[in-house]
Every structure is written in C-alpha cells, then in structure tokens.
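Visitor: No sequence on hand, only this structure:
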C-alpha cells in the first residue's frame, strides 16, 4: 500500500497540467519581499531549478510572524491554492492560506540575493547546494549517475565493488595515499632501520586505490561483462582546475573484446548517458547554456547525433604537425597528446568526438595489448570538445609471454602481480576496458570551468573540509 504524501515537491506542483486545488509545499525561501499588505516569498526545495512564488496576505494564518519575519534562507511549510500567475516567467503561484516557519535564519546568512564567486562558494560547501548553479550541478550529476547504471544494466553488465584499500598501484597511475594503523610517533623498525610494515594492520604496505581496473579484469574473467563505479584517490600536489585528490571513476571491463569492440562500446555508452541526461535535465542544461557556457547544449547534441571520428595516434600527430598551429607543447611522435592537442582535434579539426587509437607503447601502461608492429599498443582515448580526453582505455595484454616481457621492460615485480599473471595462465581471453572520470563527464555536461565545482565536497591539496 502506497503512503500518501503530505507535501508535494516544487517540481511536482509546477508540472501539474492546470491550476486549481490545494498545494502543500515545504522548502527554503530564496527571496522575500514584504509590502504593506502582502508578502511574496520565492520557495525552492531543490527538486528543480525553478522556485514557486508564494503570495501571502493578512488572511493567511501565520501572516504576522511566520510570513512577515521570514527572510532569505528560512525554511517554511506552505498550504494554499495553486492559481495561474499574472507575473512573467512563471506559470503558477500559490496563494497561501497558512505559512509555518520551520527554521529561521540568524543574521549574517551568506547566501543573499546576489552573485557569489565559485571560489567563495567553495568556502561554504555546506550551503552552496542551495545556489542555482550548484543545485543544478548536483541534479545533473544524479541523472548522469543513474544513466550510467541503467546503461550497464541494459547491456548485461554486472556491477563489481572494487576495494578502496589495496597493496597494488594498478598501473603507476599516480601517487598514492598510504593507509596505515602505525603510530607515526613510534614507528616499528626492522633490522635495517626501515619501517617494519609487517607490523601494520594489513601486514604490508597498503594504499587508497587509484583504479578498480585490475579487480575488474578479475571479474570479467568470470562474469564476462562487469563495471566498477566508485571513488578513487590520487595524492598528487596539483592545484589546478582539472585535478582532485578524490574523484569517482567508471570502469567497465569486457571479456572476448578487442579494441574496435571497445570503441563501439564507448560510443554507445556516451550517447546513451548523454541522451538520458538531456531528456531529464532540460531546465538545468538550459541554465548552464545561458549562464555558464553557451556551447553546452550544442556539444551535448554533437555527442548524441554526430558520428565519432576514428584516427590512429600517428594520424593525429600528422594532422597536428600540418595544422600550422603554434602549440604550447611541441608535437612529435612518441610524446603524449596534451589537452590543447586533443581539443584542437575534437573542437576544430573534426568538430565532433574523436577516438584516437594505437599509441606508442613507451607512453602507455604495461597491461596494454602489444600491436604487431611492436611499436604501438591497442590503446584508445575518446576526445570531446572543451575538455579533451573524457575516456581512456585499451585492449589488455592477454598473452602471458608478452605480458611478462612488458613487466621486465618496466621493471615490475612478477611476484607482486602473481594473481594478475595467473589470469593469463588459466583460461585467458582477449579482453578490454576503459575508464571515465565521472567529474570530467559532469564538467563537460554543465560547462563548469573548475572540476571542484562539480563534486559536492572537493578534496584538494591543503583542504579536506566538510
């Protein structure tokens, strides 16, 4: 038996097909204007970008106290009649019969009716979700998250919960945060005077994970199609608009899969996720297009509607070298593509998403499949306008002898990765996967310039507040 809701969301009220009937709402007052005989409160509960105007006169129960003493930030409950609004830009308004102030606001409430810088809002991350921009970011983020899970469910993937604590550095993907129970003021030492990690909680060095990929490979070798979606950590002292110390990664892994299959999956995945978010978040995306970046809607449409171009890394280098552009970073075969190179290819040259494949083996990780030319590996990056790389992946090296050679070339210990080599000893098959930084996806969808503004509580060098 469904329980009857006492209150509707603002979104539900504004979506009613016609005016009339009772409206019962609760939320926070964005603005309050008090005239001699009437007050106007804009109420928002976070369910959508729009608020609903509450009109209250002396006949409203609670007018003298709950209405007249209500200001920006106050929490209220409202009961009234939903009527057509004579004001521009709003379809309905509520003529209040009762207003109850649930939570007042002390003097000094920082979110007054004016524009605040994103830098300032990061200092009040406990309040910034109440702003139009951050509220819209969080709704888009939620929609994208649900779309990702829906896509993989529809495609027959099993979600794998990868560990957050690990003894492996995955791929040397970045500096790692150490996890330890040892007392830093009384660290046990071995005979050589080094830290005796055998006395630590896990019996050896352990860290926060930088990727769930290696565990996903384990899952794929049994369940065929798996994905992980969870937080990952990088202890890199990078104070830039593109870096976080804690962020979320989406990492599918597929057995019986080669590079072309993986590129097809990445394209299908992005189009599906972007389509669902475009349908669910029309109001929020229009806001970003109007207030943040006027290419938000057009670039989302490009991902959904335009074919993804496919080129090799070598072809990409040739295009860049013949472009006549004076890039900040020189372009030469064997060096990794920089953001400016990636954006040129996707924004200007092709004006569409681009899949770049077959990178030099010297700039890629040990686990990537060696191509027949022995110079390149079966890696791929998906590039999109504005941010460059949004997906990075590869076919994995499933041949034991070649994988062991890659270990030797990069000075990796076979003993440390004994289980990873076992996967190649026992029923190995071609397989591949990719990684998507979730915050980078949300950045692309919203046009937000700083990655710290698309995650509720950014973790960056010098700050782990809130």
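Guide: Great, that's in hand. Keep in mind it's a predicted model, so treat the numbers as computed, not measured.
Visitor: Under the pLDDT cut-off, which ranges of the protein? List them.
Guide: Within the chain, the ranges that satisfy pLDDT under 70 run 1-5, 169-174.
Visitor: Spell out the residue ranges of the helices in it.
Guide: Secondary structure of the chain, counting by DSSP state H: helices at 10-14, 118-122, 132-154, 213-223, 259-280, 282-291, 296-305, 313-321, 339-343, 400-409, 418-425, 438-446.
Visitor: How far away from the center of its chain is the longest one?
Guide: Pointing back at helix 132-154 there. Remark: helix 132-154 is offset 9 Å from the chain centroid, using CA atoms, centre = their mean, to the nearest Å.
Visitor: right, and residue 270 touches residue 382 too?
Guide: Yes: taking contacts as CB atoms under 8 Å, residue 270 lies within contact range of residue 382: 7.1 Å. For every residue, glycine as well, the C-beta is placed using N, CA and C.
Visitor: if I look at these two, which residues touch both of them?
Guide: 353, 390, 391 (CB atoms under 8 Å, 6 or more residues apart in numbering).
Visitor: Which ones among the residues you listed lie within strands?
Guide: Judged by DSSP state E, the shared contacts of residue 270 and residue 382 include 390, 391 as members of strands.
Visitor: Are any of the shared contacts of residue 270 and residue 382 buried, and if so which?
Guide: By the neighbour-count criterion of 16 or more other CB atoms under 10 Å, these include these buried positions: 353, 390, 391.
Visitor: now the second one: how far from residue 184?
Guide: I take that to be residue 390. 39 Å (CB to CB, to the nearest Å).
Visitor: just to revisit the earlier point, from the buried ones among the shared contacts of residue 270 and residue 382, which single one is nearest residue 95?
Guide: Using CB to CB, residue 390 is the member of these that lies nearest residue 95, at 47.7 Å.
Visitor: dump the residue contacts of the closest residue to that closest one other than its chain neighbours.
Guide: Spatial nearest neighbour of residue 390, chain neighbours left out: residue 384 (4.9 Å); criterion: CB to CB, 6 or more residues apart in numbering. Neighbour list for residue 384: 299, 303, 346, 353, 390, 444 [criterion: CB under 8 Å, 6+ apart].
Visitor: how close does residue 384 get to residue 317?
Guide: Relative to residue 317, residue 384 is positioned 19 Å away (criterion: CB to CB).
Visitor: Can you name the residues that contact residue 450?
Guide: By CB under 8 Å, 6+ apart, the contact set of residue 450 is 118, 241.
Visitor: make it 6 Å
Guide: Neighbouring residues of residue 450 by CB atoms under 6 Å, 6 or more residues apart in numbering: residue 241.
Visitor: next one: residue 95
Guide: Residue 95 sits next to 55, 80, 81, 83 when contact means CB under 6 Å, 6+ apart.
Visitor: any idea which of those is closest to residue 409?
Guide: residue 80 (72.3 Å).
Visitor: Across the sheet, point out what pairs with that closest one.
Guide: Legend: beta-bridge partners of residue 80 under DSSP bridges are residue 23, residue 96.
Visitor: For it, the count of nearby residues, please.
Guide: Other residues near residue 80 number 20, with proximity taken as other CB atoms under 10 Å.
Visitor: who touches stretch 388-401?
Guide: Residues lying outside stretch 388-401 but in contact with it, judged by CB under 6 Å, 6+ apart, are 258-259, 262, 266, 339, 342-343, 367-369, 378-384, 403, 424, 428, 430-436, 440.
Visitor: which among those residues end up buried?
Guide: Buried, going by 16+ other CB under 10 Å: 259, 262, 266, 342-343, 367-369, 378-384, 403, 424, 428, 430-436, 440, out of those.
Visitor: for the nearest residue to residue 45 once chain neighbours are set aside, what are its contacts?
Guide: With CB to CB, 6+ apart as the criterion, residue 45 has its nearest non-adjacent residue at 3.3 Å, and that residue is residue 27. Contact partners of residue 27, counting by CB under 6 Å, 6+ apart, are 43, 44, 45.
Visitor: Make CSV out of those and add neighbour count and distance to residue 457.
Guide: As requested, the contacts of residue 27 are arranged in CSV below (neighbours: other CB atoms under 10 Å; distance: CB to CB, whole Å):
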residue, neighbour count, distance to residue 457
43, 26, 26
44, 20, 21
45, 18, 21
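Visitor: Now intersect these with the strands, please.
Guide: Judged by DSSP E, strands contain the following of the contacts of residue 27: 43, 44.
Visitor: what's the closest of the contacts of residue 27 to residue 97?
Guide: residue 43 (14.6 Å).
Visitor: what sits against the closest one?
Guide: Contacts of residue 43 were listed using CB under 6 Å, 6+ apart, and they are 25, 27, 51, 52, 54.
Visitor: same check, this time on residue 128
Guide: Applying CB under 6 Å, 6+ apart, we find residue 128 in contact with 121, 134.
Visitor: For residue 283, see how far away it is.
Guide: When CB to CB is the yardstick, residue 128 and residue 283 sit 19 Å from each other.
Visitor: same question, residue 223
Guide: Using CB to CB, one obtains 39 Å as the distance from residue 223 to residue 283.
Visitor: how close does the closest residue to residue 284 other than its chain neighbours get to residue 288?
Guide: If the residues on either side of it in the chain are set aside, residue 284 comes closest to residue 136, at 4.0 Å by CB to CB, 6+ apart. According to CB to CB, residue 136 and residue 288 sit 7 Å apart.
Visitor: Residue 416 too?
Guide: 45 Å.
Visitor: The two - which one has more neighbours?
Guide: For residue 416 versus residue 288, neighbours defined as other CB under 10 Å are more numerous around residue 288 (23 against 12).
Visitor: re the thing from before, can I get the contacts of residue 384 in a markdown table including distance to residue 143?
Guide: What follows is these, written out as a markdown table (distance: CB to CB, whole Å):
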| residue | distance to residue 143 |
| --- | --- |
| 299 | 17 |
| 303 | 15 |
| 346 | 24 |
| 353 | 20 |
| 390 | 17 |
| 444 | 14 |
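Visitor: Okay then, goodbye and thanks.
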